[in-house]
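*Asks:* A structural model of the following input is requested.
(3 chains)
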Amino acid sequence: MKKFALAGNPNCGKTTLFNNLTGSTAHVGNWPGVTVDKREGVYKKCAELVSIVDLPGIYSLSPYTPEEVIARNYISDDKPDCVINIVDATNLERNLYLTTQVLEMDVPMVIALNMMDAVEKNGDKIDARELEKRLGVPVVKISALRSQGLSELMDKAYNESKKQRFGITVLEESNIAHLIADVKTALTGEDVSNPLFHAVKLVEGDEIEVDMHKEVLGVVEAFKKTFKDDIFGTDFEALIADARYKYISEHFAPVFERKTKEKFKMTKSDKADRVLTHKIWGIPIFILILFAIFHLTFSEDFLFLGSIFGLPSLVDLGMADPITEEPLTYGAKWLSVVYNGGVMSPGVMINNLWNDIMVGELFGWIQGLVEQSNMSDWAVGLINNGIIDGVGSVLSFLPPILVLFLFFSILEDSGYMARIAFILDRMFRRFGLSGRAFMPMIMGFGCSVPAMINTRTLADEKERTATVRVIPFFSCGAKLPILTAIAGAMVVAFGAGNADLITFAMYILGIVVAILSVLFMRSTTLKGETPPFIMELPAYHAPQFKNLMLHLWDKTKHFIKKAFTVILASTIVIWLLTHFSFSWKLLEDEQVNESIIANIATLLQPLFTPLGFGSQLGEYGWVFVVAAIAGLIAKENVIGTFATLAVCLSAVGGLDFGSLVLDAADGVDAVRAMITATGITGPALIAFIAFNMTTIPCFAAVGTAKGELQNKKRFNFTLLFWLVSSYIVGAAVYTIGSWWWTCFIWIAVLAGIVTFVVLRNKKLAKKEALL
Amino acid sequence: MTSLLCASLGAGEIVLIIACSALVLGVIVAAIVRRIKGKPSCDCGECCGLCEHCNASKKNK
Amino acid sequence: MEKTLDLFTVGESGIVKSVAGEGKIKRRLFDMGITNGAEILLRKKAPLGDPLEVTVRGYELTLRKTEAACVNMNVQAETATVAKENGK
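*Replies:* As a prediction, the model looks like this:
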């Protein structure tokens, strides 16, 4: 099987091309740095099967960021049969800069001129034949988005892959051409592959090369002593970069024929930017967009219509039970999907439709069937209360996760995400990060794992570590159920507050903790200079419908798969642990306090006393400990555990849940049952959310963090960091929430730490200055 | 207090026990296999394309 | 007139004369097309006055003032269109 590699600048449409060629559903976004690792797919329409490798987008083959090193090593070491260099035709000069470097390698190569549709729409022209002649490699016009020219591209690439190509360089005309030739000869003598490429890099003084080929370094050094350029002196790096761009503007740029002679033309993108990145309005607009997303997803009072017009609730209309608020008729149930004292936001409508009508009815029906069967009580309990309630409470959160994810995909696809980095860079710098770090962080709202992988776009090692550590604080989709279920239950149980507001506030708390932690780390253990921020701002474009749907479908598939494997297995295990004692006796529901899990968790329970869900909760307080531990496997488990336990607790004498248990598959009711059983206070519940949000993330995220940090000590320290920070945050939330005056103590402690760190850093700086 | 052995085991119960243990074992074994292969369990959510673990396992298929 | 890119006002443009700075930043500036002779237009400043957005070689690039300070420029006349767009 032949192997073709796709190489090109970030955001030039590589991944779109890859998806079109292979039918794969790789993640596509509109900001630089979406692909951060190489991946493969198969193209089937050539004479033989072709494996397509999508490399991360790079501007150059220098070792500036890890992703550049991945791409460079792949082309030079893995020797693909052909490199397809994708060139964004709307941005020819800068894209060809990479091309001039790939040309130097001894590898067959085809240029794909992408986004030709956009060029032609502007009325501009590119003479591809002329470009082909000047470059010496085939050039094919394509539009990856509209799947135009793809088969021609692949045919050309296939033909090329049968030939051999030797590297050529555009530096022939520069005054160091003979030096490069000398080094190349020396390297050829050493039997190095791609001698021309390595020779150029060596002359540039590229760190990786210098390490690899110490033997010929002498030639370069000797030459450098005798050479002096009028402009650059002996700065070979500058000289070579300059020579490349000069060659490009002289020889390649003329094939591009612009319709307008104006050099700096206002495009539609620029017009959008005049509003979206406006000096004054940029930040308010960004906050408004974030708020709108949460409002559209979670609000049960869309556009505040209910509050503004004082609309009546279903209870007021006599269509729902005044106590349980359950709709009385089937018609009322349907009405409650879209309206209850306020119009539901689209996100909530989808959620209600899924939960009340689809999943609720289906699961209820299955549970009825199981009850009627003549299986023994424990089996009915396992199926209905263990499996169905556990998985059901997790599945019920699919709609909000998808809706939220859809909005973030739109932000990303449209190109707005990169602008957010632009707007926020100034603020991020205060914390010792670049605006780029914002991208992985906001991805963290979806899932920590891709977010952590995305930190590879950050060039600075310390910045990466700090970012990886705080990503879990950006509450991911799986943590959403914890937020909404507990917030919802609190509003019902204590009759105060607003679920949207609590949810929103918890997101903000996560962000604040992240900022504080970064500040702390960057001024203590991870000190270093603020990394540079030099980034392309891609043109805005309307998100592709197909692309969005692919994202959503991927996400749904993954979520359902997880619900029926890891989560289902954990619910079964938790059910077993709650229904067996240490002597392997099957326990009745009301004996849950003798169960294995209760025994273990009771031991740990005192540890959580400062957080409000420890010893003070009495004999059933261990449920929160169990939930938190189950959350380490997958965060969805937290609420799933509550649902499973709710049924056990309801059987215990003296606890009266009323109608709650009938509907334990609803996360809110499960949490309400926990509140009734333990008498946990509001501040303790919030502390519980805060603890779960900031503690060690799920298994998968921990595994990814381990892979990304690539340093055992740093990884262990990260685990410790998560534990300590969540404990402190939980304790702070609980104590301040219960006794407001303790905030003075916390502030005093915080001030003490800040003073200590500042003084210590000053002392260290002085010491360094003396040295 | 009924011990598991004393509980009546009809066909339904046996199927249930087998299915549950198969699932739990399956998940555990899959996790162990991934660990032995040096791949941490993959949970990249929406972005399988971004995830080297997903792609590695796809390749093995 | 000569000055560094960070001192430009919005709408001002110029030609790169030389690029200073330490290794990585300089390397990155080169890769992004900021080399001698490249024409740069300062398009706008972020809400807090930093980073900057410039047009170079036909695309939009953002960089910080500290990085822009590495770029020595020969100033050209203000580009009329952009000045107009910015309401001057």
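*Asks:* which residue, other than its chain neighbours, is closest to C:Lys26?
*Replies:* Nearest in space to C:Lys26, with sequence neighbours left out and distances taken as C-beta to C-beta, 6 or more residues apart in numbering or on different chains, is C:Val19 at 5.8 Å. Heads up, the C-betas are built off the backbone N, CA and C, glycines and all.
*Asks:* hmm, that neighbour is touching C:Arg28, no?
*Replies:* No: the pair C:Val19 and C:Arg28 fails to qualify as a contact (C-beta atoms under 8 Å) at a distance of 10.4 Å.
*Asks:* can you tell me which residues contact the residue located most distally from the centre of chain A?
*Replies:* Centroid-distance maximum for chain A: A:Thr226 at 51.2 Å, with C-alpha atoms, centre = their mean. Applying C-beta atoms under 8 Å, 6 or more residues apart in numbering or on different chains to A:Thr226 gives no contacts.
*Asks:* the one 10 residues further on too?
*Replies:* If a contact means C-beta under 8 Å, 6+ apart, then A:Phe236 has A:176, A:203-205, A:224 as its contacts.
*Asks:* how far away is A:Asp88 from A:Ala144?
*Replies:* 10 Å (C-beta to C-beta, to the nearest Å).
*Asks:* what about the chain, any weak spots by pLDDT?
*Replies:* Went with chain A since none was named. When residues are selected by pLDDT under 70, those of chain A lie in A:24-39, A:66, A:234, A:260-265, A:323-324, A:459, A:652-665.
*Asks:* my bad, the chain I had in mind was chain C
*Replies:* Scanning chain C with the threshold set as pLDDT under 70 gives C:77-88.
*Asks:* switch the cut-off to 90
*Replies:* For chain C, the stretches flagged by pLDDT under 90 are C:1-2, C:11, C:18-28, C:36-37, C:43-44, C:46-50, C:58-59, C:66, C:76-88.
*Asks:* where along it do the helices fall?
*Replies:* With DSSP state H as the definition, chain C shows helices at residue ranges C:23-31, C:65-68, C:80-85.
*Asks:* ok, back up a step: now the buried members of the contacts of A:Phe236.
*Replies:* Under a neighbour-count criterion of 16 or more other C-beta atoms under 10 Å in any protein chain shown, the subset of the contacts of A:Phe236 counted as buried comprises A:176, A:203-205.
*Asks:* from chain C, how far out is the closest residue to A:Gly510 other than its chain neighbours?
*Replies:* Nearest in space to A:Gly510, with sequence neighbours left out and distances taken as C-beta to C-beta, 6+ apart, is A:Phe473 at 4.5 Å. Remark: distance between A:Phe473 and chain C (C-beta to the nearest C-beta, to the nearest Å) = 24 Å.
*Asks:* what count of nearby residues applies to A:Phe473?
*Replies:* Here the neighbour count serves as a burial measure; for A:Phe473 (other C-beta atoms under 10 Å in any protein chain shown) it reads 28.
*Asks:* residues touching it, list them.
*Replies:* Under the criterion of C-beta under 8 Å, 6+ apart, the contact list for A:Phe473 reads A:444, A:510-511, A:513-514, A:517, A:693-694.
*Asks:* skipping adjacent residues, who's closest to A:Gly435 in space?
*Replies:* Leaving aside its chain neighbours, A:Gly435 sits nearest to A:Asp425 (3.0 Å; criterion: C-beta to C-beta, 6+ apart).
*Asks:* which element is the one you found on?
*Replies:* Under the assignment given by DSSP states H and E, the secondary-structure element containing A:Asp425 is helix A:416-430.
*Asks:* SS state for A:Phe407?
*Replies:* With DSSP: H, G, I helix; E, B strand; the rest coil as the basis, the three-state label of A:Phe407 is helix.
*Asks:* mind giving me the packing neighbours of the helix or strand A:Ile511 falls within?
*Replies:* Taking DSSP H and E as the criterion, the element that holds A:Ile511 is helix A:499-523. Contact partners of helix A:499-523 among helices and strands, from 3 or more C-beta pairs under 8 Å, 6 or more residues apart in numbering or on different chains; DSSP states H and E: helix A:282-298, helix A:461-470, helix A:480-494, helix A:682-694, helix A:712-738, helix A:742-770.
*Asks:* pull the residues that contact the helix holding A:Asp425.
*Replies:* A:29-32, A:273, A:276-277, A:282-283, A:286, A:289, A:411, A:434-439, A:442, A:530, A:533, A:535-538, A:540, C:46-51, C:53, C:62, C:64.
*Asks:* that older thread, the residue nearest to C:Lys26 pairs with what?
*Replies:* Per DSSP bridges, the residues bridged to C:Val19 are C:Val71.
*Asks:* contact partners for it?
*Replies:* Per C-beta under 8 Å, 6+ apart, neighbours of C:Val19: A:238, C:26, C:29-30, C:34-36, C:70-72.
*Asks:* most surrounded residue in the residues you listed?
*Replies:* Neighbour tally across those (other C-beta under 10 Å): the maximum, 28 neighbours, falls on C:Leu29.
*Asks:* for that residue, which non-adjacent residue is spatially closest?
*Replies:* The spatially closest residue to C:Leu29, leaving aside those adjacent along the chain, is C:Val19, at 5.6 Å (C-beta to C-beta, 6+ apart).
*Asks:* okay, now whatever residue of the stretch 601-750 of chain A ends up closest to chain C: neighbour count?
*Replies:* Using C-beta to the nearest C-beta, the point where the stretch 601-750 of chain A gets nearest to chain C is A:Gln710, with a distance of 20.0 Å. Other residues within reach of A:Gln710 by the criterion other C-beta under 10 Å amount to 12.
*Asks:* ditto for A:Leu49
*Replies:* For A:Leu49, the number of neighbouring residues by other C-beta under 10 Å comes to 11.
*Asks:* give me the nearest residue to it, chain neighbours excluded.
*Replies:* In space, and not counting its chain neighbours, A:Leu49 is closest to A:Met1: 5.1 Å by C-beta to C-beta, 6+ apart.
*Asks:* give me the number of residues near that neighbour?
*Replies:* A total of 8 residues lie near A:Met1 under the criterion other C-beta under 10 Å.
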